[in-house]
Every structure is written in C-alpha cells, then in structure tokens.
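Visitor: quick one: sequence plus predicted model below, questions after.
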Amino acid sequence: MAGRIWGAVVLCALSALPAYAQSPSWRITKTEWSAADEKGFGDFVKKIAESGCTTSVSCMRGAGNIYRSSDSASLAFHADCAKWVYMLRAYYASKNGLPFSYVDKIEGQGSDIRFSSTSNRVLTRKDLVDTGSGIPVDANLYKIHNQVWSATYRMDPATDGPVIQDFYSPKIQPGAIRAGTAIYDINGHVGIVYDVMADGRILYMDAHPDETVSRSSYGPQFGQSAARLGGGFKNFRPLKLVGATLKNGAYVGGHMVLARNAEIADFSMEQYRGNVAGAKADGPDARFAYNNASLGLFEYARASMSGGNFAFNPAYELQVSMQSLCHEIKERAIHVNDAKANGIPDRPQIARIPGNSAQNDNAEWAAYATLPADARMRNSFMQFYLGVARMLKLAEQHDARIVQDKGTLKDRLQDAYAAASRDCTISYINSASKAVTLTLNDVAGRLFALDFDPYHCIERRWGASSAEELASCKDSEVKTRWYKAEQVLRNQVDAGYVARQAISLNEMEKIALTAPVGLDVNALIQSAGEKMDIRFLTAAAATDTAAR
C-alpha cells in the first residue's frame, strides 16, 4: 500500500483565540537550550505534576504553573497525551526565550499510521522564528496542538535524516532519563517523566483523550518496543538557532539546526538492543545485565536509575504501588461524582455509545464517561498484581535482591496492604442522598463491576452489586440492559489501543462475554509461604527505605 501523508489531525481543540486577548509575544533571547534550561524545564514539569491538578486545562491555570499570570484568558490546554508533551515544551520555551522547532508533517504505511508495523518518516519541520515583532504564543500553540499526534513519536531512533525527527533515544542512566523525558507506548499513549526517585522508580504524568491528567510509575504497562517503532524513552533533540541577528536583546530571523545522533553524548540504542556484550537483539529479545545480574528491561531501568541501589523491599513496593492506585481511584471519583452533580444519570440513555476511531461528538459522554480511564485503572491493578506475584516468586527463589524487615513476608505484606487500603477511601452520595464510603480494597473487589457509562446511577458507577447498595438506584430496564451488556468492555484489562466503533444495545448484547481475569492481591498474599530465606535490613536501612 502506498504511504499516507498526514499533517494536521485534530482530536481535541484548543479554545478559540480572539485577537484582543493574546499572550505576550515570544521573543527568542537564547540560541540554544543549556543544561540549566533543560533542568528548568524538568522542574517546571515536576511542579505541575506535583500540584495535584486533574485536567490539562486546570494544570496550566493552577498554582503549579508559575507562568500562568502572563497567559491570555483565552489560552486553554485542551490536550491529549501526545500533544501535552509538545505543548509543555513549547510553552516553557516561550516563557524563557528559547528556540523551538517541531515536526509538522509525517508519512507512513497503512490506513492508520498511529499503529502501523513500520516506522513513520518526517517530511517537514516547522521552525518558530521571530521575524521582528515576536512569535505569537497562542496561535503557535494552537498549530502545534493540531499538527502533532502519537504517530509523530513512531520513528526509528536509529535514523536521523534526511529530515530530522524531534526526539532521540537516551541511554538508560541517571541524568539521561530525567524530568521532561517522554515515554512512548506504541499502543498509542505517551507520558512525560516528572521525577526519578532514589530507589530508581521513574514517575510520569500523562494526559488522556478526555483531557484528564494522571500520574503513575514506569513499568511493563509501556511494553518493550522494537527499534523501528520507537517506543520507550525519548528526549527532545538538542537544537540551535543559526543565522539570526541580535536586535534589542532578541534574535530575529535564522533557522534551526538539530543535532544528529552521533553528536548527542547520551544517545543510545540500549533500550532496544540490550546492554550485554555484542547486543544485537531487538525489543522483547533484548538482554540486560547490571552488576553481572541478568535482568529484564524494566528491572534494568530500575537498577540503573538507582545507581545500584537495586533491592526490593516487598512491603515498601506494595505500599508505593497502592498509593499510586489510590490516586487513580480518587481521580476517577472526580468525574463520576461530577456526572451525578450535573444530573447526567437522570438523562435518557443514548442510542449508541461512541467509538474511539473518530472524534467523539457527544459532549456529555466525552466529559463524564470513564471507559478509557477505567481500562487504564484495571491495567494498573493488573500490573500491581503481577508485581506482587513477581516479588513472591523472587523470595521463593531466595533472590538476594529481596530485602525485608523482621517478620514473615506474608505478615508484612498483609499489614502493609491493610494499612494502605484503610488510608485510601472515597465517598459517594447515592441516589437517596446518603454517603457511601469505600476503601481501596472495596474498589479492588468490584474492579470489573465499576460502570463507565455516565447515564447510569452512581451506585452502578461504583460497582454496587448487593441488593442493599443497589436499592437506591433508579435505573430503567433499558439502562439495566445496557449495564449488563457493557460487561464485555468492563472485563478488558488491556490499556492499549483497540479500535472500537459506535455500538448499539442490540449489537453489544450479541458479543460473546469472556470472564474477567483474577486480580485478587489479598488472596495472592495469603498464598505466600511464611518460611522464606530472605535477608533482613538493618534498623538504619529499614528506616531509610520507609522514608523514601
């Protein structure tokens, strides 16, 4: 099939930009990004991520954005994952007099080059150059928003021409993976690193098609990509403005020159090829080692980023993972509770639930449905389950990397799970105006019953199944049929891209139902043996681990 050329693909729209309400012009006062500028960008991303904001718009208008007071009232970041990374970078550049250039047109094979089996190619780039009166900030953010998408990331990192791509593949090491590094999942998702913890945990935030912003830690949910598809870690490529004239403190004219792979000190194909001697593998076949220990990609990333502090305390790992899950649950609660507050459950059920292969023109569904968010949360619970299972397996194998405070592994995990569950509660007001409180363990137990459909009662939105909890639900027979039919979607745990068209009730009721996978972490912990040969931490080390 002939290659397809793609330019502007609009999935979400930046708000209208009236001429009278523009942000101050972007003047370029530096010809290239310094190490201090890169750190400043990372600090900017981190501050936004740690502000607790829940949408791309509120993130940029909230206290986490130190530059917000200089924005026009009309500037709104209605961004999904791929656009979010670019717009953060361009926005920061505009506030700090930095040069910026981006890929605005690409080419690839297949009907949808977001998910092609071959690498996409850059056709043209757009340099943002000051012609003398400054660069319009809002208008150019709008253009960037409409011209970049997840297909822009689908590039073979080994190639850097003839037209150079925006990113390069960094070596997996401290300093190279940093706040501001993008992480691309070839299933169509992109995150941006906002912190790296002392234990090697890589924290990232991501925006979604519904404009929500979430946080998590890097792991198997991103998969292990072949090099040609360019998945994994990506840093913005160094660039330099050349041929410009300095006038009144700002550079006018000129063009951008981007560094090629050989010119970048921390460029590496390691994440695709592995790091063992003679590494020539690709993607899932790549082999990694750290201090002579054979590791998988995700273990290796953790070991390398920790600088060798590569030991797992199962209770600590469980606690941190549950804190991340709690954050996802609380973010979900905002949208579910907002739907009820705005009377969406009282409105008639729509005839067809929208698909995900085209722009969703149902504003209520776009604003209040949690179908993709729920799939991501189930995937997070699955990764949590697999992580605990892996810890138990390593302990059974007497792996020296497993460390533990005094007491049996089973007891420590049980105590940590119970405490983390109690510390994470959400409340909803049911249809009878009474408060219902759920713990994290309650939510875990009804994970595949949580209803994503905003037209259903809030009891079902929170997975109620008992007659007592459902007694206040006033859903009609049609809505009840919809809830039962939608179980086929609630059973899915894969957060990757799956093309889905709009579908009616009758069509959905004909789809064969598969059973949900078992993700009962409590039961898994109960299966842990009590006599495992693990080394104990000293009191000082235990205190240090608990404090991280």
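Guide: Right, received. Where do you want to start? Numbers count the residues shown, from 1 in each chain.

Visitor: isn't residue 351 up against residue 504?
Guide: Yes: applying C-beta atoms under 8 Å, one finds residue 351 in contact with residue 504, separated by 6.3 Å. C-beta: built from backbone N, CA, C; applies to glycine.

Visitor: who has more neighbours out of these two?
Guide: When residue 351 and residue 504 are compared for neighbours, residue 504 comes out ahead with 14 against 8, by other C-beta atoms under 10 Å.

Visitor: who does the more buried one bridge with?
Guide: residue 352 (DSSP bridges).

Visitor: tell me the domain ranges of the chain?
Guide: Segmentation of the chain into domains, based on automatic domain parsing, reads 4-305, 314-521.

Visitor: the residue lying closest to residue 121 once chain neighbours are set aside is in what secondary structure piece?
Guide: Distances taken as C-beta to C-beta, 6 or more residues apart in numbering place residue 107 nearest to residue 121, at 4.9 Å, with adjacent residues excluded. If you go by DSSP states H and E, residue 107 is part of strand 100-108.

Visitor: so what strands line up beside that strand?
Guide: strand 4-6 (antiparallel), strand 121-128 (antiparallel).

Visitor: check the gap between the nearest residue to residue 347 once chain neighbours are set aside and residue 433 for me.
Guide: Spatially, and ignoring its direct neighbours in sequence, residue 347 is nearest to residue 455 (6.1 Å; C-beta to C-beta, 6+ apart). Using C-beta to C-beta, to the nearest Å, residue 455 is found at 20 Å from residue 433.

Visitor: coming back round to it: most packed of the strands paired with strand 100-108?
Guide: Comparing the strands paired with strand 100-108 by mean neighbour count (mean count of other C-beta atoms under 10 Å), strand 121-128 ranks first with a mean of 18.

Visitor: what sits up against that strand?
Guide: Strand 121-128 is contacted by residues 3, 5, 26, 90, 99-108, 135, 140, 143, 147, 155, 163-165, 255-256 when judged by C-beta atoms under 8 Å, 6 or more residues apart in numbering.

Visitor: mean confidence score for stretch 333-346?
Guide: For stretch 333-346, mean pLDDT rounds to 93.

Visitor: check contacts around residue 191.
Guide: Contacts of residue 191 were listed using C-beta under 8 Å, 6+ apart, and they are 81, 182, 183, 185, 204, 205, 206, 216, 218, 222.

Visitor: same check, this time on residue 503
Guide: Residues in contact with residue 503, defined by C-beta under 8 Å, 6+ apart, are 352, 353, 355.

Visitor: where does the prediction get shaky in the stretch 301-450 of the chain?
Guide: Across the stretch 301-450 of the chain, the ranges flagged by pLDDT under 70 are 310, 356-361, 405.

Visitor: circling back: distance to residue 527 for the domains of the chain - can I get that in JSON lines?
Guide: Output for the domains of the chain, formatted as JSON lines (distance: least, C-beta to C-beta, whole Å):
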{"stretch": "domain 4-305", "distance to residue 527": "21"}
{"stretch": "domain 314-521", "distance to residue 527": "8"}
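
Visitor: which of those is buried the deepest?
Guide: domain 4-305 (a mean of 19).

Visitor: one step back: report the secondary structure state of the residue nearest to residue 347.
Guide: Under DSSP: H, G, I helix; E, B strand; the rest coil, residue 455 falls in the coil class.

Visitor: that one contacts residue 478, correct?
Guide: No: counting by C-beta under 8 Å, residue 455 does not reach residue 478; the two are 9.8 Å apart.
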